[in-house]
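Student: Generate a structure from the sequence data that follows.
(one chain, ligands or ions: 1)
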Amino acid sequence: MAAHPRVAIVGAGPAGLYAADALTFDQNNGIRVDVIERLPTPFGLLRNGVAPDHLKIKSLEKLMQRIIERPAVRFFGNVTLGEQIAREELLGLYDAIIYAYGAPTDRRLGIAGEELRGCVSASDIVAWYNGHPECLLNVDTFSASKVAIIGVGNVALDVARILLVSRNRLWNTDIAARALQHLMTYRPTDVYIIGRRSVAQAKFTPKELRELGGLEDVDIIVDAAELAICDSDAQQMADRSELTLVLETLQSWAERPQKNAPHRIHFRFLLEPDRIEGSSQVEAIRLRRMKNDGSGSILATSQYVTLNVGAVIRSIGYRGKPVHGVPFDSKSGAVPNEGGRVITQRDAAAREFVTGWARRGANGVIGSNRGDATEVAESILASLKPAAVFRHHTDLEDVLLARGVEFVTGQRWAQIDSIERALGKERARPRVKLENIGELMKASRMSSGTPSKAERSVGQEIPE
Ligand SMILES: Cc1cc2nc3c(=O)[nH]c(=O)nc-3n(C[C@H](O)[C@H](O)[C@H](O)COP(=O)(O)OP(=O)(O)OC[C@H]3O[C@@H](n4cnc5c(N)ncnc54)[C@H](O)[C@@H]3O)c2cc1C
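Tutor: Below you'll find the model as predicted:
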């Protein structure tokens, strides 16, 4: 039997699947790819991060699904590198490994009061409204009429929009059933989006920012004085047309008459979180006013602003975390690499690669992962061709079966997918996600014929 070069990709998010795409695009090149994923479901943040009302970007799942279905690709869901399988073992099983396991943890503010009830991370909120099976957020803590979001990137805009968008628009999305149920009765009156630095340092993209302007029953409140920028900021903006559009959008909102709408989004800049106040629950946030120093940096002033809010959401970025045995640079929060080749002391270096957020840190949209992934795949294809001696292969499937690990194959994922769609159909929605690992695994075990009584219980806990 001819030996086929085998590549393991760790992480079935956009970066991992773009790499699988590039490796198997030529279906005659003989390469076999195994995609190893911690969750029973593929697609990473495309399923569990991207806001449910971003239907166009969510529709990329169809493209990603076609990659998983290629004959040269196998999916191993519910398998975590560092737990069910070790890096050393993968090195023995595969000719090359691509780490594409993202950057899943959130950053903390590091101020007093962060432990109070009602102070949560945007990643928790995102996990909640996307039905992430490991979501820990207790939604009951989320009923504040005034909410502060710390951070001026697109995730902050997503969270503000989901909290305030008209509920009819959410129905036709795959938003988690529990989040939808809660949001049917909860819509805050005021959401503050707060940046520590000047608008010139905002990370919003113009399209996502402008989306907020179209929200029904929502006024956008911007204080023109807080949009002031210094000369050095202005120079920086001249090179970044997107930032100029962001500033223009905010300026136009500052001048626009208010509609006296029942809900408001307030944009605030040059305010640094100082402490969160409250006895057990968040009652307010105290912010220190900052000012431009004229050279593009900011200086603290002695003035403070207190906002009486019942919740604080920190949205100041995601960060990578180490995976057992794989090199990790704690400064950048990513796997150290040169052009996607992992930098390690070992001679295995030439066979280990990294792509996506695990490589660059948490930045860039889905499309930004394609270039990285293609580069890494090309390096691998070049190194495996043409006269490489392939090692003897034991199969990952046999290793996992021998160790009693229950993994989700591509076929079993297809079963989960069809059950979620069927649950959606019953409720006139595109999909109802199964929101915990047990339910997902139960669904993956179901045969595709008529469900048994036990099988029909899948999804029964999901609210109508
Ligand atoms: C809240 C949010 C909203 C976003 N919205 C948009 C948007 O609207 N449009 C857009 O273009 N981009 C958006 N992005 C950016 C986009 O999601 C990222 O660019 C992209 O998901 C990064 O891909 P990735 O594959 O590197 O990481 P991920 O998508 O995080 O995928 C990593 C995968 O690896 C798995 N994994 C982790 N550890 C292990 C392990 N030890 N073993 C096995 N598997 C493991 C994870 O479960 C996950 O499935 C958003 C990001 C966030 C956080």
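Student: contacts, neighbours, all on C-alpha from now
Tutor: Fine.
Student: Provide the contact partners of stretch 261-269 at residue level.
Tutor: Residues from elsewhere that reach stretch 261-269 (CA atoms under 8 Å, 6 or more residues apart in numbering): 160, 164, 188-199, 217-223, 226-227.
Student: Select only the buried ones of those in ChimeraX?
Tutor: Buried members of the contacts of stretch 261-269 can be picked out in ChimeraX with the line below, counting by 16 or more other CA atoms under 10 Å:
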select :160,164,188,189,190,191,192,193,194,195,196,197,198,199,218,219,220,221,222,223,227
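Student: Which ones among the contacts of stretch 261-269 map onto helices?
Tutor: Using DSSP state H, the members of the contacts of stretch 261-269 that fall in helices are 160, 164.
Student: If we look just around the ligand, which residues of this protein are in range?
Tutor: Where proximity means CA under 6 Å from any ligand atom, the interface of the chain facing the ligand comprises 10-16, 36-39, 42-46, 49-51, 57, 80-82, 100-103, 126, 155, 323, 356-358, 364-366.
Student: Out of the residues you listed, which end up buried?
Tutor: Buried by 16+ other CA under 10 Å: 10-16, 36-39, 42-46, 49-51, 80-81, 100-103, 126, 155, 323, 356-358, 366, out of the residues of the chain next to the ligand.
Student: Doesn't residue 285 belong to a helix?
Tutor: No: secondary structure assignment places residue 285 outside any helix; it is strand (DSSP: H, G, I helix; E, B strand; the rest coil).
Student: Where does pLDDT dip in the stretch 351-464 of the chain?
Tutor: Within the stretch 351-464 of the chain, the set of residues satisfying pLDDT under 70 comprises 385-393, 448-462, 464.
Student: That one: strands as residue ranges?
Tutor: Under the criterion DSSP state E, counting those that start in this stretch, strands of the stretch 351-464 of the chain are mapped to 352-354.
Student: all helices for it, in order.
Tutor: 357-360, 368-384, 396-402, 410-426, 437-445, 453-456 (DSSP state H, counting those that start in this stretch).
Student: winner for burial among these?
Tutor: Of the helices of the stretch 351-464 of the chain, the one with the most neighbours on average (mean count of other CA atoms under 10 Å) is helix 357-360, at a mean of 27.
Student: CA atoms only for that one - export them in PDB, please.
Tutor: Extracted in PDB, the C-alpha atoms of helix 357-360 (Å, rounded to 0.1, in the frame of the first residue of the first chain):
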ATOM      1  CA  TRP A 357      -4.500  33.500  16.000                       C
ATOM      2  CA  ALA A 358      -2.100  31.000  17.600                       C
ATOM      3  CA  ARG A 359       0.600  32.400  15.400                       C
ATOM      4  CA  ARG A 360      -0.200  36.100  15.200                       C
END
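Student: ok, and what's touching that helix?
Tutor: For helix 357-360, the external contacting residues (CA under 8 Å, 6+ apart) are 15, 99-103, 320, 334-337, 340, 363, 369.
Student: Contacts only, for the closest residue to residue 231 other than its chain neighbours.
Tutor: On the basis of CA to CA, 6 or more residues apart in numbering, the spatially nearest residue to residue 231 that is not a chain neighbour turns out to be residue 294, at 6.7 Å. Neighbouring residues of residue 294 by CA under 8 Å, 6+ apart: 230-232.
Student: out of those residues, which are buried?
Tutor: Applying 16+ other CA under 10 Å to the contacts of residue 294, the neighbour count classes 230, 232 as buried.
Student: mind putting the contacts of residue 294 in JSON lines, distance to residue 261 included?
Tutor: Rendered in JSON lines, the data for these read as follows (distance: CA to CA, whole Å):
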{"residue": "230", "distance to residue 261": "33"}
{"residue": "231", "distance to residue 261": "36"}
{"residue": "232", "distance to residue 261": "37"}
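Student: follow-up on the earlier one: in strands, which of the buried ones among the residues of the chain next to the ligand fall?
Tutor: Assignment to strands by DSSP state E places the following of these there: 10, 36.
Student: Save the helices of the stretch 351-464 of the chain as JSON lines, and put in distance to residue 90 too.
Tutor: Shown next, in JSON lines, are these (distance: least, CA to CA, whole Å):
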{"stretch": "helix 357-360", "distance to residue 90": "18"}
{"stretch": "helix 368-384", "distance to residue 90": "16"}
{"stretch": "helix 396-402", "distance to residue 90": "8"}
{"stretch": "helix 410-426", "distance to residue 90": "20"}
{"stretch": "helix 437-445", "distance to residue 90": "24"}
{"stretch": "helix 453-456", "distance to residue 90": "35"}
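Student: Between the ones you listed, which one is closest to residue 136.
Tutor: In terms of CA to CA, the element of these nearest to residue 136 is helix 437-445, at 12.7 Å.
Student: any idea how far the ligand is from the residue lying closest to residue 30 once chain neighbours are set aside?
Tutor: Leaving out its chain neighbours, the residue that sits closest to residue 30 by CA to CA, 6+ apart is residue 4, at 5.6 Å. Using CA to the nearest ligand atom, to the nearest Å, one gets 23 Å for the distance from residue 4 to the ligand.
Student: helix, strand or coil for residue 4?
Tutor: Secondary structure of residue 4, reduced to three states by three-state DSSP: coil.
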